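Student: let's see this in three dimensions:
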Amino acid sequence: MDTATFFLLARDGLTTGAIYALLGVATVVVFAVTRVVYLAQGEFVAFAALTLVAFEDGRVPGITGLLLVMGVIATVSRLVQGRDDLRVGKVLRILAVDLGIPIAFWLAVRWIAPSKPGPWVTVPLTVAMVTVLATAIYRIVFQPLATASVLVLLIAAFGVHMVLLGLGLYFFGPEGFQTQPFTEAAFEVGGMRIKWQDLIVLATVVVLMIALAWFFAKARAGKALRAAAINRVGASLVGIATETTGLIAFAMAGAIGAISGVLIGPVTIVYYDTGFMIGLRGFVAAVLGGLVSYPLTVAAALGLGFFESAASFWASSYKEVLVFLLIVPVLLWRSIAEPHAADDDA
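Tutor: All right, here's what the predicted structure looks like:
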């Protein structure tokens with residue numbers, strides 16, 4: 001491998017690793033707050049990219065119909081769960097939030113989409129719709145299972161993934177698409193061609209990481225999420241609404257997944273089921289980070305991106321296997337270390 005090839009692989013690995021870092025952080029946030037190993041995180045990525053493609057073509061994206069379906073299910077679910085304490089005000093709030101917001105998006109998008117608005121309109125709208133989808137999933141599936149075991153939550157997460165795959169095929173179709181890049185411009189440094197598109201990806205990830213660090217350190221909601229992650233029962237005893245923290249965690253995961261889809265859309269062809277493999281890479285980064293540390297998750301994701309890029313050069317046929325094999329030593333080490341830690345505590 002010559003120097004030019006190394007820097008080319010490093011550039012690609014850094015770009016993809018940055019996106020894996022976002023997905024890994026989202027996985028850690030959801031797991032820390034709700035104990036859900038959310039395997040469907042990648043679906044947010046694919047749905048966001050496909051939604052943006054529809055906007056670029058002047059079509060009404062399928063996510064509007066998906067939001068309506070999820071809104072109806074969420075409304076019925078919440079009304080059934082709270083049937084013993086239904087008041088007019090509460091019913092109206094449920095209808096306004098769970099059903100009114102999807103209807104508002106459906107009407108707004110049908111009016112906006114044919115005019116082909118630019119990314120300054122379509123990107124925030126896409127992120128907002130995917131975020132609402134994530135909160136609807138939490139209300140329907142995981143909020144009723146808040147006290148269930150981790151195994152039950154894992155099975156539920158796998159079921160959500162399978163359901164979203166079917167709904168994604170129905171609402172988005174089987175075709176693959178690629179979004180338009182924000183810019184085609186590039187420049188050379190030391191004979192290496194660097195795309196501004198890659199720099200936009202890296203800058204976006206850096207800004208998001210800084211924003212997340214500030215959110216968890218300074219914002220009241222961020223402190224509540226940290227408290228729920230450390231001790232869910234203790235947080236509820238001091239007045240923190242753990243249901244709300246779970247909702248915020250899923251909203252953050254949806255927004256991060258949508259931004260990742262916007263960033264990855266121009267560099268790869270996205271199908272309705274593409275997100276699963278991308279999300280699994282974020283999960284691998286989260287596992288390598290111990291599912292608890294955000295800095296370690298980011299570092300692991302960047303290393304994973306470079307490792308995947310190098311593996312695609314040296315052994316492209318085994319790239320997927322090599323990437324997912326990385327978690328085996330970590331799991332073996334944790335299985336050995338944790339019993340010893342338990343013995344020391346005893």
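Student: now stretch 275-290, how far from the centre of its chain.
Tutor: Its chain's C-alpha centre lies 10 Å from the corresponding centre of stretch 275-290 when counted by C-alpha atoms, centre = their mean, to the nearest Å.
Student: tell me the mean pLDDT over that stretch?
Tutor: Mean pLDDT, taken over the full extent of stretch 275-290, equals 84.
Student: how about stretch 144-152?
Tutor: Stretch 144-152 comes out at a mean pLDDT of 85.
Student: swap in stretch 219-232?
Tutor: When the per-residue pLDDT values of stretch 219-232 are averaged, the result is 79.
Student: same check, this time on stretch 60-69
Tutor: Per-residue confidence for stretch 60-69 averages out to 92 on the pLDDT scale.
Student: residue nearest the centroid of this protein?
Tutor: Residue closest to the mean C-alpha point of the chain, counted by C-alpha atoms, centre = their mean, is Gly257 at 3.1 Å.
Student: element containing it, please.
Tutor: Under the criterion DSSP states H and E, the helix or strand holding Gly257 is helix 242-264.
Student: same check on Val233?
Tutor: Val233 belongs to helix 232-237 when elements are defined using DSSP H and E.
Student: likewise Ile194?
Tutor: Counting by DSSP H and E, the element that carries Ile194 is strand 192-195.
Student: helix 242-264 and the following helix or strand past that strand, what's the angle between them?
Tutor: Sequence-wise, the next helix or strand beyond strand 192-195 is helix 196-218, with elements assigned using DSSP H and E. Interaxial angle of helix 196-218 relative to helix 242-264 (axes from the mean of the first three to the mean of the last three C-alpha atoms, to 10 degrees): 170 degrees.
Student: can I get helix 196-218 in PDB, CA atoms only?
Tutor: Presented in PDB, the C-alpha positions along helix 196-218 are these (Å, rounded to 0.1, in the frame of the first residue of the first chain):
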ATOM      1  CA  TRP A 196     -15.900  19.600   0.500                       C
ATOM      2  CA  GLN A 197     -18.800  17.100   1.000                       C
ATOM      3  CA  ASP A 198     -16.500  15.100   3.300                       C
ATOM      4  CA  LEU A 199     -15.600  18.200   5.300                       C
ATOM      5  CA  ILE A 200     -19.300  19.000   5.700                       C
ATOM      6  CA  VAL A 201     -19.900  15.600   7.100                       C
ATOM      7  CA  LEU A 202     -17.000  15.900   9.600                       C
ATOM      8  CA  ALA A 203     -17.900  19.400  10.600                       C
ATOM      9  CA  THR A 204     -21.500  18.400  11.200                       C
ATOM     10  CA  VAL A 205     -20.500  15.500  13.400                       C
ATOM     11  CA  VAL A 206     -18.100  17.700  15.400                       C
ATOM     12  CA  VAL A 207     -20.800  20.300  15.900                       C
ATOM     13  CA  LEU A 208     -23.300  17.700  17.000                       C
ATOM     14  CA  MET A 209     -20.900  16.100  19.400                       C
ATOM     15  CA  ILE A 210     -20.200  19.500  21.000                       C
ATOM     16  CA  ALA A 211     -23.900  20.200  21.200                       C
ATOM     17  CA  LEU A 212     -24.500  16.800  22.900                       C
ATOM     18  CA  ALA A 213     -21.700  17.400  25.300                       C
ATOM     19  CA  TRP A 214     -23.200  20.700  26.300                       C
ATOM     20  CA  PHE A 215     -26.700  19.200  26.500                       C
ATOM     21  CA  PHE A 216     -25.700  16.500  28.900                       C
ATOM     22  CA  ALA A 217     -23.500  18.800  31.000                       C
ATOM     23  CA  LYS A 218     -25.600  22.000  31.200                       C
END
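Student: any idea how far Thr27 is from the residue nearest to the centre of the chain?
Tutor: The spacing between Gly257 and Thr27, counted by C-beta to C-beta, to the nearest Å, is 10 Å. C-beta here means a position set from N, CA and C on the backbone, and glycine is covered the same way.
Student: shared neighbours, those two?
Tutor: Common neighbours of Gly257 and Thr27 are listed as Gln41, Gly279 (criterion: C-beta atoms under 8 Å, 6 or more residues apart in numbering).
Student: which other helices and strands does the helix or strand hosting Leu280 contact?
Tutor: Taking DSSP H and E as the criterion, the element that holds Leu280 is helix 274-288. Helices and strands touching helix 274-288, as assessed by 3 or more C-beta pairs under 8 Å, 6 or more residues apart in numbering; DSSP states H and E, comprise helix 3-34, helix 41-57, helix 242-264, helix 294-314, helix 319-325, helix 327-345.
Student: which strands or helices does the third one pack on?
Tutor: What that stands for is helix 242-264. When contacts are defined as 3+ C-beta pairs under 8 Å, 6+ apart, helix 242-264 packs onto helix 3-34, helix 41-57, helix 119-137, helix 196-218, helix 220-230, helix 232-237, helix 274-288.
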